[in-house]
Structure formats: C-alpha cells, structure tokens
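Visitor: Turn this into a model:
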Amino acid sequence: MVVDLETTGLSPETDRITEIAAVRLRGTDVLGEFATLVAPGVPVPAFITALTGISDAMVADAPPLRDVLPAFRDFARDAVLVAHNAPFDIGFLRAACAGCGEPWPHLVVVDTLALARALVSRGEVSDYKLATLARAFEAPAPSTHRAVADARATAHILRALIARLRRAGVHDLSGLLQCTGHPSEPEAV
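Guide: Model prediction:
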C-alpha cells in the first residue's frame with residue numbers, strides 16, 4: 001500500500017498532518033484508495049499553502065487526526081507500507097499514533113527513494129525527487145505536493161521499479177528490501 005502525507009512542516013514532533021492518501025495495490029492492480037484532508041489543529045503556514053495549495057479554509061471542516069487515524073489504520077491493515085522518502089511519512093504516522101494513544105502497527109516499510117537510488121542510474125535522472133522519477137517513468141499522475149496525486153505517482157514508480165527488479169531476478173519482498181539496504185522485517189525504516 002502506497003501512502004503519502006502533506007504536513008504543516010518537516011518535523012513530526014512539532015508539525016501536523018494536513019492530508020493523508022493511500023493507494024492499496026495487489027501486484028499492479030489498484031484495489032482501493034483512501035484520501036482525506038485532516039484538521040491539523042494549528043494554522044497552515046503560508047509557505048505550505050503556496051507549496052501544496054492546502055489552506056486553513058480547506059482544513060477548517062476536515063476531521064481531526066484522532067477520527068482519521070483509525071480509518072487509515074483499518075485501510076492499511078496487514079499491508080506493506082510504501083512511501084517515497086519513507087522516514088518522513090512513517091515518522092509522522094508514528095507520531096500521530098503516539099499522539100492519539102494508539103499503537104503503531106508493526107508493518108514492513110518500503111522506501112521508493114532508497115529503491116530508486118539502488119536501481120536508477122544518475123545518468124537516467126538528475127535527482128531522485130518524486131516529481132523527477134514520475135516524469136522519468138511517465139507516470140500518468142504527476143507529483144503535485146498533494147497526497148492523492150503523489151501516492152498515485154509513487155504507486156506508478158513502484159511498479160516500474162519492481163519491473164526492473166524482476167528483470168534482475170528479484171521476485172520477492174525480501175530481495176526488494178535487500179536492494180534498499182534494509183532488513184526484511186517490520187520496522188525496516
């Protein structure tokens with residue numbers, strides 16, 4: 001399951017989630033999507049509004065995290081979590097669980113940033129940003145700094161990276177995780 005968040009800043013300790021989206025996959029098939037704005041409980045900084053388009057007005061009537069988190073956790077149940085720059089998203093999700101008094105589900109995490117660095121040469125891309133990889137792999141949903149679009153773009157990138165892994169003889173999650181330099185167990189990030 002590919003997940004993407006938008007937040008009020010970069011620190012899970014001091015900033016808050018403003019949007020959560022996830023695309024649940026089985027192989028290359030999309031099984032479902034989860035997406036919602038989240039009332040962060042703090043003002044959305046102007047630079048975040050300029051970057052994401054998410055404003056205080058947009059999140060004013062959004063549900064609070066304590067109401068969103070259980071639905072997200074149900075959607076994510078038993079999934080392998082995939083994110084681009086996974087430590088960022090997973091850090092916020094762990095902090096969200098802690099802040100809501102809920103346990104963090106022990107799920108395997110795959111970082112498409114680490115996977116792309118292992119499988120895509122610098123001759124193919126100028127950097128490993130989500131938008132750059134989305135263009136390089138001709139994702140139909142470009143990266144826009146909105147959670148739904150970015151989760152869809154990441155799902156497309158994941159499929160392309162898995163195709164490369166298969167051509168290299170890697171056909172399981174353990175082999176994928178070894179390519180990223182992480183052990184093949186929960187809490188890999």
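
Visitor: packing partners for the lengthiest helix in the chain?
Guide: Ranked by residue count under DSSP state H, the longest helix found in the chain is helix 147-167. Counting contacts by 3 or more Cβ pairs under 8 Å, 6 or more residues apart in numbering; DSSP states H and E, helix 147-167 packs against strand 2-7, strand 17-26, strand 29-37, strand 81-83, helix 112-119, helix 130-136, helix 173-180. Any C-beta I mention is one placed from the backbone N, CA and C, and that applies to glycine too.

Visitor: Can you give the contact residues for it?
Guide: Residues from elsewhere that reach helix 147-167 (Cβ atoms under 8 Å, 6 or more residues apart in numbering): 2-6, 19-23, 25, 28, 30, 33, 35, 82-84, 110, 112, 115-116, 119-120, 130-131, 133-134, 137, 139-144, 171, 175-176, 179.

Visitor: What separation is there between the residue lying farthest from the centre of the chain and Ile157?
Guide: Relative to the centre of the chain, the most outlying C-alpha is that of Gly169, 25.9 Å out, by Cα atoms, centre = their mean. To Ile157, Gly169 is 20 Å away according to Cβ to Cβ, to the nearest Å.

Visitor: Same question for Gly91.
Guide: Distance from Gly91 to Ile157, by Cβ to Cβ: 20 Å.
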